[in-house]
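> based on what follows, work out the 3D shape:
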Amino acid sequence: MTKLLARRDRLLGAGAPLFYQEPLNIVRGEGMWLFDADGRRYLDLYN
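Purely as a prediction, here's the structure:
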């Protein structure tokens with residue numbers, strides 16, 4: 001998880017707020033949907 005948080009800080013900036021306890025591991029996107037490694041679908045409302 002620490003590796004994901006470090007990558008997030010590098011790509012989005014350390015000032016970007018966190019909205020979760022554990023970061024999601026998004027592996028693909030399709031239109032407005034994001035998918036994790038287990039196939040769960042999330043609606044991208046961030047950007």
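> what count of nearby residues applies to Ile26?
By other Cβ atoms under 10 Å, 14 other residues sit near Ile26. (C-beta placed from N, C-alpha, C; glycine too.)
> looking at strand pairing, list the partners for it.
In this entry, Ile26 is beta-bridged to Asp36, by DSSP bridges.
> show me what contacts it?
Residues counted as contacts of Ile26 (Cβ atoms under 8 Å, 6 or more residues apart in numbering) are 34-36, 42.
> and those, which are buried?
Leu34 (16 or more other Cβ atoms under 10 Å).
> format the contacts of Ile26 as JSON lines; extra columns: pLDDT and distance to Pro17.
Putting those into JSON lines (pLDDT from 0 to 100; distance: Cβ to Cβ, whole Å) gives the following:
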{"residue": "Leu34", "pLDDT": "95", "distance to Pro17": "18"}
{"residue": "Phe35", "pLDDT": "97", "distance to Pro17": "23"}
{"residue": "Asp36", "pLDDT": "95", "distance to Pro17": "20"}
{"residue": "Tyr42", "pLDDT": "93", "distance to Pro17": "17"}
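> and which of the contacts of Ile26 is nearest to Leu5?
Asp36 (16.2 Å; Cβ to Cβ).
> residue contacts, the residue nearest the centre of the chain?
By Cα atoms, centre = their mean, the mean C-alpha position of the chain lies nearest to Leu24, the distance being 4.9 Å. Counting by Cβ under 8 Å, 6+ apart, Leu24 touches 34, 36, 42.
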